[in-house]
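[1] Kindly generate the corresponding structure for this input.
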Amino acid sequence: MRLLKVPAFSIILNLFLLEPMKMVVLPRYIQNQEKTFGEL
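    Modelled structure (predicted):
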């Protein structure tokens, strides 16, 4: 059972950690891309 709980727990952690990071990092990354394309 522990073997099943650990991946599920890590997946839940990843969802809670990665989703906010996507919400924060992706807009900044997109803005940076737009700036570089705008400069080109």
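
[2] can you tell me the helix or strand for Asn14?
    helix 2-39 (DSSP states H and E).

[3] What helices and strands are in contact with that helix?
    For helix 2-39, there is no helix or strand it packs on, judged by 3 or more C-beta pairs under 8 Å, 6 or more residues apart in numbering; DSSP states H and E. Every C-beta, even on glycine, is put in place using the N, C-alpha and C of the backbone.

[4] Okay, buried residues for that helix please.
    When burial is assessed from 16 or more other C-beta atoms under 10 Å, helix 2-39 yields no buried residues.

[5] from here on, count from 36
    Shifting the count to begin at 36 puts that one at helix 37-74.

[6] and that helix, how far from the chain's centre?
    0 Å (C-alpha atoms, centre = their mean, to the nearest Å).

[7] mean confidence for that helix?
    For helix 37-74, mean pLDDT rounds to 80.

[8] I'd like to check what contacts stretch 58-75. Which residues are they?
    For stretch 58-75, there are no external contacting residues (C-beta atoms under 8 Å, 6 or more residues apart in numbering).

[9] Now that stretch - C-alpha only, CSV.
    Output of stretch 58-75 as CSV, limited to C-alpha atoms (Å, rounded to 0.1, in the frame of the first residue of the first chain):
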residue,chain,number,x,y,z
MET,A,58,0.2,30.3,-13.7
VAL,A,59,3.2,32.4,-12.7
VAL,A,60,6.0,31.3,-15.0
LEU,A,61,4.2,30.8,-18.2
PRO,A,62,2.7,34.4,-18.4
ARG,A,63,6.2,35.8,-17.7
TYR,A,64,7.8,33.5,-20.3
ILE,A,65,5.2,34.5,-22.8
GLN,A,66,5.8,38.2,-22.0
ASN,A,67,9.5,37.6,-22.5
GLN,A,68,8.9,35.9,-25.8
GLU,A,69,6.7,38.8,-26.9
LYS,A,70,9.4,41.3,-25.9
THR,A,71,12.2,39.4,-27.8
PHE,A,72,10.0,39.1,-30.9
GLY,A,73,9.0,42.7,-30.6
GLU,A,74,12.7,43.7,-30.5
LEU,A,75,13.4,41.6,-33.5
